[in-house]
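> Mind looking at a prediction? Sequence and model below.
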Amino acid sequence: MDPLRFAIAAVPLAAYLVLLGLINLRRRPTVVSGASDVATLGLALTGLVMIGPISLFWPEHASESLGDFVWLFLLAFYWLWVVLIVMLGRPRLVIYNLTAEELRPVLSEASRRIDPSGRWAGDNLSLPSVGVQAHLDCLAWMRNTSLVSSGGRQDLAGWRRLGRTVERSLRDTETPPSSRGASLLGVGVGLLVMSVARLVSDPPAVLAAWQQIIAG
């Protein structure tokens, strides 16, 4: 793969890995919504999609009529799919650098604040007065835990309220940094350094690849 295409594919992914590494190296948990988590992953995969599926199914006729602007339409098309996936996805909270066992008491306290009638059944949490039905899903090797909606009847306002309450409850919680954080950070930085090194070391190849991409 030429240096330019490698950089287009690797830089967004490397930035995503660096971000994940820094989050997992924190001594405090980080709470994000499922929509934000999916959108960030979509951004990380943008470069891979541009040099992969989009290049493979390049619209020749559209390229002839739209010229270089065809890239904007293709990017917009990809992001429309990302937005659609986000909108159709089930409500979810992702808590980085916290196991399910560590999250459960914090979640129980937060749920009591917004719905005293809330109850646990195993790993399933029901908050009927705010319209939240969810279960815990732990990614043990990363020390990350997700609270995923269960069933089709969910109240998005209730989920937003729960997310804010959990985030406030975790502000004073300290956890040891995840051992995977350093690995993610190292891989991300390595990809960034490799991308820059390849771009700088072979300018003629970069220029030729750019001209080829523009020409379609």
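Cool, got the structure.
> going forward, measure contacts between C-alpha atoms and count neighbours the same way
Will do.
> got the buried residues for the helix or strand containing Val200?
Using DSSP states H and E, Val200 maps to helix 179-201. Residues of helix 179-201 classed as buried by neighbour count (16 or more other Cα atoms under 10 Å): 180-182, 184-186, 188-189, 191-192, 194-195, 198-199.
> Can you add distance to Ala110 and give the residues you listed back as JSON lines?
Output for these, formatted as JSON lines (distance: Cα to Cα, whole Å):
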{"residue": "Arg180", "distance to Ala110": "28"}
{"residue": "Gly181", "distance to Ala110": "27"}
{"residue": "Ala182", "distance to Ala110": "31"}
{"residue": "Leu184", "distance to Ala110": "31"}
{"residue": "Leu185", "distance to Ala110": "32"}
{"residue": "Gly186", "distance to Ala110": "35"}
{"residue": "Gly188", "distance to Ala110": "35"}
{"residue": "Val189", "distance to Ala110": "37"}
{"residue": "Leu191", "distance to Ala110": "40"}
{"residue": "Leu192", "distance to Ala110": "40"}
{"residue": "Met194", "distance to Ala110": "44"}
{"residue": "Ser195", "distance to Ala110": "44"}
{"residue": "Arg198", "distance to Ala110": "49"}
{"residue": "Leu199", "distance to Ala110": "50"}
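> And those residues, which is closest to Glu167?
Gly181 (20.8 Å; Cα to Cα).
> tell me the contacts of that closest one?
Leu20, Gly21, Leu22, Ile23, Asn24, Leu25 (Cα atoms under 8 Å, 6 or more residues apart in numbering).
> What segments of this structure are strands?
30-33, 92-96, 119-121, 124-127, 132-139, 144-149 (DSSP state E).
> Out of those, the one nearest Leu75 is which?
Of all those, strand 30-33 comes closest under Cα to Cα, at 23.8 Å.
> Output the contacting helices and strands for that closest one.
strand 92-96, helix 156-169 (3 or more Cα pairs under 8 Å, 6 or more residues apart in numbering; DSSP states H and E).
> Show me the one of the ones you listed that comes nearest Ser150.
strand 92-96 (9.7 Å).
> Give the rounded mean pLDDT of that closest one.
Here strand 92-96 scores 93 as its mean pLDDT.
> And for stretch 22-34?
91.
> residues contacting Val106?
Val166, Ser169, Leu170 are the contacts of Val106 under Cα under 8 Å, 6+ apart.
> Just the buried subset of those residues, written out for ChimeraX, thanks.
Listed next is the ChimeraX selection for buried residues among those, using 16+ other Cα under 10 Å:
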select :166,170
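> from the contacts of Val106, which is closest to Ala14?
Leu170 (28.2 Å).
> List the residues that contact the residue lying closest to that closest one once chain neighbours are set aside.
Leaving aside its chain neighbours, Leu170 sits nearest to Pro29 (6.8 Å; criterion: Cα to Cα, 6 or more residues apart in numbering). For Pro29, the contacting residues are Ile95, Tyr96, Asn97, Leu98, Leu170, Arg171, Thr173, Glu174, Thr175, by Cα under 8 Å, 6+ apart.
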